[in-house]
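Peer 1: coordinates only, no sequence provided:
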């Protein structure tokens, strides 16, 4: 699609200056989420877009900005319009992109609701105040939605309290702009100092504090990528931080210019941080976990993995296609309308989708289920039905599987059940467990192929290389087919990768493919599988600490190192 300019409209729009926080999307305020949902245009730097984009409404124009000082002329006096490409980004080299103030003003001048998102809090952003003044000069109304400042949020995630019961002073300083007077003031103070700096300037900042009067043995913590799963914290003193970073092989580094938050004072003592580092102590902190499912299938599982500190990466191993002969499905859907069935049982989200699409093809909606009992094999399938407007009558109270559904399914009773037939729309490769169980309970079953499952296309080369080269810390196999298909489209996971399987049959398939199984779910549930992996991670972390070794991820092990089977 060719680039288009922002459309013209009323002379004045509205601008919301929004604090996106220090990096964790979960730290956005409720007001920030509301503003994003109403925005017509979203203006932000790349790293901030990653935090706020998911809360913006579909179709919002996303403009990449590079923050810088505002230098007129004011909008309407010759500044080029920002260029939107496919409604999602701008041409990065244009003059408008280089001047965030002009981007904001031009978007607002078109009568749009503009959200200008900045890292941390707008009140602490270097250029946000100038952009606000530009709004005042142009008569554009604006509001400010505060965010969590990195200088406060990052220490909290690093387990470094800034004040204690004695209520000592807390001083904040930006080493990149601080004057000699600023260093002198914080140097003579005996309170906590929070320093915003960069990785390659930490040692210089420590030297400034010592020169200003702080003792070299004053405790210091340094945190990079704070509040994200890339967070890493080092504990040292003002006098030893340079050596500590050197031993950790982070200096010199191509990433030396990355922003960091350093905390200086007794409250950043290593012993205290060891007890309070709640975020980096999560069982799977920083683990890259491969989930061989689509994003839709993996949504709740990925959320659970994130709660353990992991970084889930979904890779579809199957693709869904219509049945080769659709007539059987067409007859069954017509049978729903004519009263042929007492029950319809959905065993997957894909089955719900297949029936819904067939309904829409015939001009039907959820009202066609009137008088029919509806069963769903689990929570995700039930949610898909609810989204369709159908509340299931039966969801397993125990195990979310075909066996669990049979446990709760009532036997056929000719007195209370006027019709003895069940419609079962499902995949072409589904097992016979549910059909056999329903027949045993006295029901007649129309087992209908609603969709076919085929092997998905291979993932990108980068993902395939990470799988085979040990770039993933763990992989979750939720069925035998996910093992076969993943190996088929992407190759066999590296021997340092932790292999977690949902049950004995899946584990057997993994072993047949030369994989060593480390973790097995105590029962066939994807959530129990993630829980078992988290418990494995906790045991692994505890073993490293007991041995006096640094806690590392599996992918950080020496290539070729053998893994021990989980007990």
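Peer 2: Received, thanks. Bear in mind that the values here come from a model prediction, so they are computed numbers and not experimental data.

Peer 1: now do the buried residues in the lengthiest strand in the chain.
Peer 2: Taking DSSP state E as the criterion, the chain has its longest strand at strand 444-455. Using 16 or more other C-beta atoms under 10 Å as the burial criterion, the residues of strand 444-455 that qualify are 445, 446, 447, 448, 449, 450, 451, 453. Every C-beta, even on glycine, is put in place using the N, C-alpha and C of the backbone.

Peer 1: now these in a markdown table, with pLDDT and distance to residue 380?
Peer 2: Below are the buried residues of strand 444-455 laid out as a markdown table (pLDDT from 0 to 100; distance: C-beta to C-beta, whole Å):
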| residue | pLDDT | distance to residue 380 |
| --- | --- | --- |
| 445 | 94 | 23 |
| 446 | 94 | 24 |
| 447 | 92 | 22 |
| 448 | 93 | 21 |
| 449 | 91 | 21 |
| 450 | 92 | 16 |
| 451 | 90 | 16 |
| 453 | 82 | 17 |
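
Peer 1: how close does the closest residue to residue 150 other than its chain neighbours sit to residue 374?
Peer 2: The shortest distance from residue 150 to any non-neighbouring residue, by C-beta to C-beta, 6 or more residues apart in numbering, is to residue 22 (3.9 Å). As judged by C-beta to C-beta, to the nearest Å, residue 22 and residue 374 stand 45 Å apart.

Peer 1: next one: residue 292
Peer 2: The gap separating residue 292 from residue 374 is 29 Å, by C-beta to C-beta.

Peer 1: who's more crowded, those two?
Peer 2: Higher neighbour count among residue 292 and residue 374: residue 292, with 27 against 18, using other C-beta atoms under 10 Å.

Peer 1: so what's residue 446 bridging to?
Peer 2: Taking DSSP bridges, one obtains residue 423 as the residues bridged to residue 446.

Peer 1: ok, it - contacts?
Peer 2: 332, 335, 341, 421, 422, 423, 424 (C-beta atoms under 8 Å, 6 or more residues apart in numbering).

Peer 1: now for the second one: which residues touch it?
Peer 2: Residues near residue 335 by C-beta under 8 Å, 6+ apart: 341, 423, 446.

Peer 1: before we move on, back to that, which one of the buried residues of strand 444-455 is nearest residue 320?
Peer 2: Looking at these and their distance to residue 320, the nearest is residue 451, at 5.0 Å (C-beta to C-beta).

Peer 1: identify the residues contacting the closest one.
Peer 2: 320, 321, 322, 323, 350, 351, 353, 354, 427, 428.

Peer 1: narrow those to those that are buried.
Peer 2: Neighbour-count burial (16+ other C-beta under 10 Å) applied to these gives 320, 323, 350, 351, 353, 354, 427.

Peer 1: circling back to that earlier point, is the residue nearest to residue 150 in contact with residue 226, as I believe?
Peer 2: Yes. In this structure, residue 22 is within contact of residue 226 by C-beta atoms under 8 Å, at 5.6 Å.

Peer 1: identify the contacts common to these two.
Peer 2: Taking C-beta under 8 Å, 6+ apart as the contact rule, residue 22 and residue 226 both touch 150, 153, 154, 157.

Peer 1: quick check: the first one vs residue 156, distance?
Peer 2: Computed as C-beta to C-beta, the residue 150 to residue 156 distance reads 11 Å.

Peer 1: if you count what's nearby, which of the two comes out ahead?
Peer 2: Using other C-beta under 10 Å, the more surrounded residue of residue 150 and residue 156 is residue 150, with 23 against 18.

Peer 1: and the more buried one, how far from residue 245?
Peer 2: 19 Å.

Peer 1: ok, the residue nearest to residue 150 - contacts?
Peer 2: 119, 120, 148, 149, 150, 153, 154, 157, 226, 227.

Peer 1: just give me the longest helix of this structure.
Peer 2: helix 526-546 (DSSP state H).

Peer 1: from the contact counts, what lies against that one?
Peer 2: Other elements packing on helix 526-546 under the criterion 3 or more C-beta pairs under 8 Å, 6 or more residues apart in numbering; DSSP states H and E are helix 295-307, strand 474-477, strand 498-501, strand 519-520.

Peer 1: report the residue spans of the stretch 1-150 of the chain with pLDDT below the cut-off.
Peer 2: Along the stretch 1-150 of the chain, the parts satisfying pLDDT under 70 run over 1-12, 66-98.

Peer 1: rewinding a little: pick the most deeply packed of the helices and strands packed on helix 526-546.
Peer 2: Mean neighbours per residue, mean count of other C-beta atoms under 10 Å, is largest over those for strand 474-477, with a mean of 27.

Peer 1: sheet partners, orientation included, of that strand?
Peer 2: strand 288-291 (parallel), strand 498-501 (parallel).

Peer 1: weakest of the helices and strands packed on helix 526-546 in terms of mean pLDDT?
Peer 2: Sorting the helices and strands packed on helix 526-546 by mean pLDDT places helix 295-307 lowest, at a mean of 83.

Peer 1: list the contacts of it.
Peer 2: Residues from elsewhere that reach helix 295-307 (C-beta under 8 Å, 6+ apart): 284, 289, 291, 293, 312, 314, 349, 379-380, 476, 526-527, 530-531, 533.

Peer 1: cool, and stretch 404-412?
Peer 2: Around stretch 404-412, the neighbours that count as contacts under C-beta under 8 Å, 6+ apart are 345, 347, 375, 377-378, 394, 396-399, 420, 433-434, 437-438, 441-443.

Peer 1: try 6 Å
Peer 2: 377, 396, 397, 398, 420, 437, 441, 442, 443 (C-beta atoms under 6 Å, 6 or more residues apart in numbering).

Peer 1: would you quantify the distance from the closest residue to the third one other than its chain neighbours to residue 159?
Peer 2: What that stands for is residue 397. What sits nearest to residue 397 in space, not counting adjacent residues and going by C-beta to C-beta, 6+ apart, is residue 408, at 5.7 Å. Here the criterion is C-beta to C-beta. By it, residue 408 lies 45 Å from residue 159.

Peer 1: more crowded one of the two?
Peer 2: More neighbours surround residue 159 than the other of residue 408 and residue 159, with 20 against 12 (other C-beta under 10 Å).

Peer 1: list the contacts of that one.
Peer 2: Counting by C-beta under 6 Å, 6+ apart, residue 159 touches 273, 276, 277, 278.

Peer 1: go on, residue 429?
Peer 2: With contacts defined as C-beta under 6 Å, 6+ apart, residue 429 is in contact with residue 453.

Peer 1: so it lies in a helix, does it not?
Peer 2: No. Counting by DSSP: H, G, I helix; E, B strand; the rest coil, residue 429 is not found in a helix; it is coil.
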